[in-house]
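Undergrad: Mind folding the following:
(one chain, ligands or ions: 2)
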Amino acid sequence: MPRGAAGAALLAILTVSLGFAAGELLCACDVPHCNVSTCRGKVCFVSKSREGGSVTRRKGCFSQHLLESCRGPVMEHFGTKCCNASMCNAHLEIYLRGEEAPGPAAALPGLLLLTVVPLLGLLLLAALAALFGWKLVQHRRAGARGRAGEADLPLKASVAGDSTLEDLLGDDCTTGSGSGLPFLVQRTVARQIALAECVGKGRYGEVWRGVWHGESVAVKIFSSRDEQSWFRETEIYNTVLLRHDNILGFIASDMTSRNSSTQLWLITHYHEHGSLYDYLQRTALDGAGCLALASSIICGLVHLHVEIFGTQGKPAIAHRDLKSRNILVKSNRQCCIADLGLAVMHSQGSDYLDVGNNPRVGTKRYMAPEVLSEQIRTDCFESYKKTDIWAYGLVLWEIARRTVVNGIVEEYRPPFFDVVPSDPSFEDMRKVVCVDQQTPAVPNRLFSNAVLSALAKVMKECWYQSPSARLTALRIKKTLKKLSHSLEKPKQEC
Ligand code: ADP
Ligand code: MG
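TA: Ligands and ions are numbered 1, 2, ... in the order given. So this is what the prediction gives:
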């Protein structure tokens, strides 16, 4: 896809309404996510972007959360126009700045155009300046109110004057209901990033440390065969307010063209310790460190799993690919959960289950028995939460093995390392987990320590074959909180 299509494509991914809003319109839709040629949303839109000779037009819907996108100015290279009647966007045209609308404008004498166009330009500039001023006031107010838990990325200078990116990210008025910046700002930020070094290769792409205005950010570059994960993650971060200490902080999403191929970027906070998987390879823990990691992960998982009602609310989310490689370790030794490319969302009020459109499946090694036996109830949101709990138990086991008890600690190993090959097949896993009903061996030494034996008990209660018998994330969080309090120095509250 040419670079010029990026704006329209970025808007396009935002058109999948979560279905929470009442009174939805039927709109014409031709964005990649529309399986049929219509969609439902709060308003219908057309968008247009131009790069060189190529022009991309898109039609679709915006959900309640995205109405702000209608108010963006129509620029020379990109613009959006909204309307609110059924199918009103089917034949709606949009003219970019500098383009001529047919009719009276086309007939205007050249002299008049020469006067009107600069005047309009001036007006537009004035409007932009006013908007800019308003945003500054808003984010300063937000800054004065103060926000907890967003102190780990002090980014300086930004696309919006002297305000920091962190200020902008923390500004409810600017960010709407999603977790990131307005879309045009996201694109601008993305294009100001210099890639510094590759810090990880995943199954479907690479992660780079990038530098934006002197500060490190993480840039996940998705391979084109995993574009659905990029779409999904971008969609979730842009429609759901997901700012939490234990969820990887989102900055921007972008689609660029480099070396004549399309690159899908997801820009997030950068954590130099890398993934929990990386961290455990080189770090042995004590009981308190083990508990801090375990507690922070469960805090993140509770925040995902819970539905929050109200204007600052969020749907319930199940991760579906929880594993030590998808958990990052922050400089304060707390973890945050990353990779929402497979996540599913649920809203109780409308009983709406959004499973996305991703052909990718979770990581086989971490699959719960009901996934491996293909007996999972895919129409029931609770089932997905239970598979996260199974995987959390395995992550807990990985952490516990790396904890020194009585002077003994084991090497890092992935779950089921002793019973399946290094890249296990679905069938390998099914035999071990469903047929033989094996669970990882819990090291004996854990039982000589009060905290570690309590964690061993939690693990086992995550590994029941029957999903409904497993603990809930909230129950685990409460248990671990009690354990923290029982230690000398309580570690964290969340
Ligand atoms: P996978 O596909 O194996 O789940 P990812 O693509 O999520 O892996 O990430 C690959 C690796 O890149 C991670 O294991 C981690 O080492 C590193 N990484 C990912 N995100 C970040 C980040 N925000 N900060 C630092 N390192 C990261
Ligand atoms: Mg991943």
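
Undergrad: check which helix or strand covers the residue of the chain found nearest ligand 2.
TA: When scored by C-beta to the ion, the chain has residue 339 as its residue closest to ligand 2, at 3.7 Å. (Each C-beta comes from the backbone N, C-alpha and C, glycine too.) Per DSSP states H and E, residue 339 falls between elements, in no helix or strand.

Undergrad: What is the neighbour count of it?
TA: By the criterion of other C-beta atoms under 10 Å, residue 339 has 24 neighbours.

Undergrad: just the one 4 residues further on next, same as before
TA: The burial metric for residue 343, expressed as a neighbour count using other C-beta under 10 Å, is 24.

Undergrad: Let me see the confidence value for it.
TA: Note on residue 343: pLDDT of 93.

Undergrad: Contact partners for it?
TA: Residue 343 is in contact with 232-233, 236, 304, 317-320, 356, counting by C-beta atoms under 8 Å, 6 or more residues apart in numbering.

Undergrad: Now do the SS call for the nearest residue to it once chain neighbours are set aside.
TA: With sequence-adjacent residues excluded and distances taken as C-beta to C-beta, 6 or more residues apart in numbering, residue 343 is closest to residue 317, at 5.2 Å. Secondary structure for residue 317, judged by DSSP: H, G, I helix; E, B strand; the rest coil, is strand.

Undergrad: on that earlier part again, want to throw the contacts of residue 343 into a markdown table with pLDDT and distance to residue 209?
TA: Converted to a markdown table, the contacts of residue 343 look like this (pLDDT from 0 to 100; distance: C-beta to C-beta, whole Å):
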| residue | pLDDT | distance to residue 209 |
| --- | --- | --- |
| 232 | 88 | 24 |
| 233 | 89 | 19 |
| 236 | 88 | 23 |
| 304 | 96 | 26 |
| 317 | 95 | 27 |
| 318 | 96 | 30 |
| 319 | 97 | 24 |
| 320 | 96 | 27 |
| 356 | 84 | 28 |
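
Undergrad: Among those residues, name the buried ones.
TA: Buried members of these, counted by 16 or more other C-beta atoms under 10 Å: 232-233, 236, 304, 317-320, 356.

Undergrad: Closest to residue 38 out of these?
TA: Nearest to residue 38 among those: residue 356, at 19.1 Å, using C-beta to C-beta.

Undergrad: Tell me who's in contact with that closest one.
TA: Listed by C-beta under 8 Å, 6+ apart, the contact partners of residue 356 are 228, 232, 235, 342-344.

Undergrad: That one sits in which helix or strand?
TA: Counting by DSSP H and E, there is no helix or strand that carries residue 356.

Undergrad: Residue 39 now?
TA: Take DSSP H and E as the rule and residue 39 turns out to sit in strand 38-41.

Undergrad: who's in contact with the residue of the chain closest to ligand 2?
TA: By C-beta under 8 Å, 6+ apart, the residues touching residue 339 are 229, 233, 248, 319, 321, 326.

Undergrad: Make a markdown table out of the contacts of residue 343 and add distance to ligand 1.
TA: Below are the contacts of residue 343 laid out as a markdown table (distance: C-beta to the nearest ligand atom, whole Å):
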| residue | distance to ligand 1 |
| --- | --- |
| 232 | 13 |
| 233 | 10 |
| 236 | 15 |
| 304 | 16 |
| 317 | 17 |
| 318 | 17 |
| 319 | 12 |
| 320 | 12 |
| 356 | 17 |
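
Undergrad: As CSV, these with distance to residue 185 would be great.
TA: What follows is the contacts of residue 343, written out as CSV (distance: C-beta to C-beta, whole Å):
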residue, distance to residue 185
232, 22
233, 18
236, 19
304, 26
317, 25
318, 30
319, 27
320, 30
356, 25
